[in-house]
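A.B. asks: When you get a sec, could you give me coordinates for this:
(chains A, B and C)
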Amino acid sequence: MSHPSEAERARARQIVAILRRTYPDAKCSLNFTTPLELLVATILSAQCTDERVNATTEKLFQKYRTAADYASAPLEQLEQDLKSIVFYRNKAKNIQAMARILVQEHGGEVPQGMDDLLRLPGVARKTANVVQGNAFHHVEGVVVDTHVSRISRRLGLTKEDDPPKIERDLMALLDQPDWLDFSHMLIYHGRAVCKAPTPTCPGCVLLELCPTGQERTNVV
DNA sequence: ATCCCGAGGG
DNA sequence: CCCTCTGGAT
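C.D. replies: Residues are numbered from 1 along each chain as shown, chains lettered A, B, ... in the order given. Down below sits the predicted model:
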């Protein structure tokens, strides 16, 4: 899949066009006003709904305004402030370690480069792509979360299982200007229609272009 | 492959 | 009690 045919790229463009008509306002669902806020929110969003993250960060961002605030807080205090988020101990530890690197190596700011972002604890390609795309309007890759992985596989856009490999397939298949929106639209689609256990294929706007949907609706 | 480990809904 | 929500590090 690293060298998709022109037919495969054309099919991908059709999928993007339909998604754009269906989800014209798709965007990042995390609330943030600065790159630091988005970075913290995205770390918190692992295995957790954006709604729950937003409910937590509403208070969190009033208390922690700078990287130094996270860096200097007692870890137990930060843990308590993240208590309602799943994996809160890991996330508190990662956010504090991340903030200390921002203070010590980046003047308290969030770095824009992929390599610098990936060196931060709790940050892998998904989080780095979210921050680059939504805070810096700089798109180097495709955001591949569980929704993007699942739906890309169902649509036959990739056969891979490993998120970095899925990302490589999608980067080869999609036009770069579509990368960020593609993920946002699939995330909306995944929440509303193409759900993990039980996709509601009848009525899906992508049914005609989806091998999995064809299979499911023919059997049932 | 396993660990991390909360909240809301049925 | 069980399932759903939905990444990163070791």
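
A.B. asks: can you count the residues close to A:Asn218?
C.D. replies: 7 (other C-beta atoms under 10 Å). Every C-beta, even on glycine, is put in place using the N, C-alpha and C of the backbone.

A.B. asks: Quick check: it vs A:Val205, distance?
C.D. replies: With distances taken as C-beta to C-beta, to the nearest Å, A:Asn218 is found 18 Å from A:Val205.

A.B. asks: residues from chain A in reach of DNA strand B?
C.D. replies: A:Gln47, A:Cys48, A:Thr49, A:Arg52, A:Lys83, A:Ser84, A:Ile85, A:Val86, A:Phe87, A:Tyr88, A:Arg89, A:Asn90 (C-beta under 7 Å from any atom of the strand).

A.B. asks: from memory the second one sits against A:Leu82, does it?
C.D. replies: Put plainly, it is A:Cys48. No: assessed by C-beta atoms under 8 Å, A:Cys48 is found out of contact with A:Leu82, at 10.5 Å.

A.B. asks: Of these two, which one has the most company?
C.D. replies: A:Leu82 (21 against 16).

A.B. asks: ok, for the more buried one, nearest residue in space, not its chain neighbours?
C.D. replies: The shortest distance from A:Leu82 to any non-neighbouring residue, by C-beta to C-beta, 6 or more residues apart in numbering, is to A:Tyr88 (4.2 Å).

A.B. asks: Assess the claim that that neighbour and A:Glu76 are in contact.
C.D. replies: No: contact status for A:Tyr88 versus A:Glu76: not in contact, 11.4 Å apart, counting by C-beta under 8 Å.

A.B. asks: neighbour-wise, which of the two wins?
C.D. replies: Comparing A:Tyr88 with A:Glu76 by other C-beta under 10 Å, the one with more neighbours is A:Tyr88, at 18 against 9.

A.B. asks: for the more buried one, phi and psi?
C.D. replies: As for A:Tyr88, its main-chain torsions (degrees, to the nearest 10) stand at phi -60, psi -30.

A.B. asks: Could you list every helix and strand in contact with the helix or strand containing A:Ile18?
C.D. replies: A:Ile18 belongs to helix A:6-22 when assigned by DSSP states H and E. If contacts are counted by 3 or more C-beta pairs under 8 Å, 6 or more residues apart in numbering; DSSP states H and E, helix A:6-22 sits against helix A:163-173, helix A:179-192.

A.B. asks: try 10 Å this time
C.D. replies: Packing contacts for helix A:6-22, counted by 3 or more C-beta pairs under 10 Å, 6 or more residues apart in numbering; DSSP states H and E, involve helix A:146-154, helix A:163-173, helix A:179-192.
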